[in-house]
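1. Structural data only, the sequence is not supplied:
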């Protein structure tokens, strides 16, 4: 789960459009959903990330979002 506390950012699940995030927004991220989140191009982004332990679940860091994919998602 993400809780946006300040600034603006984006959240994008693999294969779906990006969602702009602002202070007060929350995102519930189901287990095994590949995604990225980060600051908007014109803002900084502060958030709290919570991970709820589950059976046979783990947090996995994937490849970085490249500049082209980020620019396309955040237009």
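-> Thanks, I have the structure now. Computed from a predicted model, the values in this text were never measured in an experiment.
2. and the end-to-end length of stretch 27-34?
-> 14 Å (CA to CA, to the nearest Å).
3. repeat for stretch 12-24
-> 17 Å.
4. quick one: average pLDDT of it?
-> Averaged across stretch 12-24, pLDDT comes to 96.
5. Which residues does it contact?
-> Stretch 12-24 is contacted by residues 2, 4-11, 27, 33-37, 40, 45, 47, 73-74 when judged by CB atoms under 8 Å, 6 or more residues apart in numbering. For the C-beta atoms, the positions are set from N, CA and C on the backbone; glycine is no exception.
6. May I see the buried residues of it?
-> Within stretch 12-24, the residues scored as buried using 16 or more other CB atoms under 10 Å are 12, 13, 18, 21.
7. Tell me which two of the residues you listed sit farthest apart.
-> Maximum pairwise distance among the buried residues of stretch 12-24 (CB to CB): 13.0 Å, between 13 and 21.
8. check contacts around the residue nearest the centre of the chain.
-> In the chain, the residue lying closest to the centroid (CA atoms, centre = their mean) is residue 37, at 2.3 Å. Contact analysis of residue 37 by CB under 8 Å, 6+ apart lists 2, 9, 10, 11, 12, 21, 27, 47.
9. Now do the contacts for the closest residue to the first one other than its chain neighbours.
-> Counting by CB to CB, 6 or more residues apart in numbering, the nearest residue to residue 2 once its immediate chain neighbours are dropped is residue 27, at 4.3 Å. Listed by CB under 8 Å, 6+ apart, the contact set of residue 27 reads 1, 2, 11, 19, 21, 37.
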